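K.L.:
Next comes the sequence, and after it the predicted model I'd like to discuss.
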Amino acid sequence: MTNPLLKSTSTILGIESSCDDTSASVIQNGEIRSNIISSQEIHRKYGGVVPELASRAHQSHIIPVINEALETAKVSKKDLDAIAVTQGPGLMGSLIVGLNTAKGLAMSLGIPLIGVNHLRAHVSALQIENKIEYPMLCLLVSGGHTQLILQHNENDAEIMGSTIDDAVGEAFDKGSKIMGLGYPGGPVIAKLAEKGNRDFHTFPDSQTKDLDFSFSGIKTSLLYWLRKELEINSEFLNEYREDICASYEKSLVNMLLKRVKKALKIHNVKSLGLVGGVSANRLLRNEMKEMGNRHNLQVYIPSFEYCTDNAAMIAKAGEQNHTPELNLYL
């Protein structure tokens with residue numbers, strides 16, 4: 001459904017600055033014309049995102065990124081019909097940079113400003129390349145959120161399960177930090193896991209109510225297990241790093257899939273969706289596709305460029321009629 005603020009044909013600038021990626025995108029009549037992303041490397045040395053440094057970097061990057069998005073799309077500011085911007089959830093300082101830039105630009109051009117829920121936009125990313133069959137069961141996995149969403153149609157959704165503590169992205173990042181592998185943890189662990197034995201060690205799956213998730217326990221399990229093994233063999237981590245990563249990754253993916261499988265027994269759906277930064281994980285992508293095949297369901301997963309935080313998904317969500325449900329995914 002098209003946003004009632006817009007014309008039937010429209011050109012929208014999307015702006016995303018919720019965490020440590022500054023992004024701008026232009027969508028014109030439903031087609032993504034540009035999607036520019038500027039990542040912040042400074043956080044690697046700290047092993048995680050430093051909010052103050054993130055907001056300062058956004059201030060430096062946002063105007064050049066917007067200009068590049070417009071140039072790539074071959075449109076000018078006067079061609080814009082609206083601006084869509086992430087209004088939450090996210091880091092407060094980072095969000096303010098994007099919001100204030102979008103507000104000033106919208107006011108100067110006299111065009112509508114559309115606030116977009118960041119998590120809802122991740123689900124909208126599926127529609128960039130697909131025509132969705134509803135109802136859809138969608139797994140949203142990112143650095144800050146893990147949710148299982150029942151999407152009845154484009155504008156009607158229910159949260160079936162959420163994390164009660166940490167998100168799966170945090171479990172990857174903190175697991176990587178425990179092993180001294182660097183940040184961000186997901187890609188590092190996944191790369192090492194490719195050469196490892198996924199059955200090297202079995203980590204416990206936290207018991208949760210209904211379809212909720214919990215990832216604090218597996219991090220603690222990793223920490224104490226490694227501590228114990230290193231007391232016996234000081235080279236344990238160096239000798240078995242790939243096997244440890246492979247089994248840790250497998251356990252995290254299985255924890256996610258267990259809830260999806262349980263939900264499929266409860267809800268009758270026509271498709272599965274996988275969105276969010278962690279949806280770039282190849283093992284998770286492959287396992288979701290296999291689950292879809294077993295249940296004869298269509299599986300939708302964004303291309304890698306639309307998995308992590310990006311403005312194309314913000315522009316797409318802004319194009320649709322989602323403004324009344326901004327708080328649904330918080």
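P.N.:
Received it, and whenever you're ready, just let me know what you need.
K.L.:
Now V85: which helix or strand?
P.N.:
Using DSSP states H and E, V85 maps to strand 82-88.
K.L.:
In that strand, which residues are buried?
P.N.:
Within strand 82-88, the residues that qualify as buried by neighbour count (16 or more other Cβ atoms under 10 Å) are A82, I83, A84, V85, T86, Q87, G88. Heads up, the C-betas are built off the backbone N, CA and C, glycines and all.
K.L.:
Likewise for stretch 225-238?
P.N.:
So for stretch 225-238, counting by 16+ other Cβ under 10 Å, buried means L226, E229, F236, L237.
K.L.:
Just send those residues back as TSV, with secondary structure, pLDDT and distance to Q40 too.
P.N.:
As requested, the buried residues of stretch 225-238 are arranged in TSV below (DSSP: H, G, I helix; E, B strand; the rest coil; pLDDT from 0 to 100; distance: Cβ to Cβ, whole Å):
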residue	secondary structure	pLDDT	distance to Q40
L226	helix	98	29
E229	helix	97	35
F236	helix	98	34
L237	helix	97	29
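K.L.:
nearest to N296, of the residues you listed?
P.N.:
L226 (41.2 Å; Cβ to Cβ).
K.L.:
so the closest one touches L237, yeah?
P.N.:
Yes - assessed by Cβ atoms under 8 Å, L226 is found in contact with L237 at 6.3 Å.
K.L.:
Quickly list what's touching both of the two.
P.N.:
Contact with both L226 and L237 is made by residues M179, I244, according to Cβ atoms under 8 Å, 6 or more residues apart in numbering.
K.L.:
Confirm for me that L272 is in contact with P135.
P.N.:
No - using Cβ under 8 Å as the test, L272 is too far from P135 to be in contact (10.6 Å).
K.L.:
Could you dump the buried residues of strand 82-88 into CSV and include distance to L139 and pLDDT?
P.N.:
Supplementary listing: those in CSV, determined by distance: Cβ to Cβ, whole Å; pLDDT from 0 to 100:
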residue, distance to L139, pLDDT
A82, 30, 95
I83, 30, 96
A84, 24, 96
V85, 26, 97
T86, 21, 96
Q87, 24, 95
G88, 21, 92
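K.L.:
More neighbours: which of L272 and P135?
P.N.:
Using other Cβ atoms under 10 Å as the criterion, L272 and P135 rank with L272 on top: 22 against 18.
K.L.:
Where do the domain boundaries of this protein fall?
P.N.:
Residue ranges for the structural domains of the chain, counted by automatic domain parsing, are given in the record as 11-127+305-325, 133-301.
K.L.:
and the residue nearest to E305 when sequence neighbours are not counted, how far is that from D21?
P.N.:
The spatially closest residue to E305, leaving aside those adjacent along the chain, is N35, at 6.4 Å (Cβ to Cβ, 6 or more residues apart in numbering). When distances are taken as Cβ to Cβ, to the nearest Å, N35 and D21 turn out to be 11 Å apart.
K.L.:
Please enumerate the shared neighbours of these two.
P.N.:
Joint contacts of N35 and D21 (Cβ under 8 Å, 6+ apart) are N310.
K.L.:
Now do G30: how many residues are near it, please.
P.N.:
Residues lying near G30 (other Cβ under 10 Å) number 13.
K.L.:
Mind listing what's buried along the host helix or strand of the residue nearest to E305?
P.N.:
Counting by DSSP H and E, the element that carries N35 is strand 31-39. Buried positions in strand 31-39, judged by neighbour count with 16+ other Cβ under 10 Å: I32, R33, S34, N35, I36, I37, S38.
K.L.:
do stretch 118-134 as well
P.N.:
H118, L119, R120, A121, H122, V123, S124, A125, L126, Q127, I128, I132.
K.L.:
which two from these end up farthest apart in space?
P.N.:
Of all pairs drawn from the buried residues of stretch 118-134, the widest gap by Cβ to Cβ lies between H118 and I132 and measures 19.5 Å.
K.L.:
all helices of the stretch 151-300 of the chain, in order?
P.N.:
Using DSSP state H, counting those that start in this stretch, the helices found in the stretch 151-300 of the chain span residues 168-178, 185-193, 216-232, 236-266, 282-294.
K.L.:
Indicate which one of those helices is closest to E158.
P.N.:
helix 236-266 (11.0 Å).
K.L.:
now that closest one against helix 216-232, angle please.
P.N.:
Per axes from the mean of the first three to the mean of the last three Cα atoms, to 10 degrees, the angle that helix 236-266 makes with helix 216-232 is 160 degrees.
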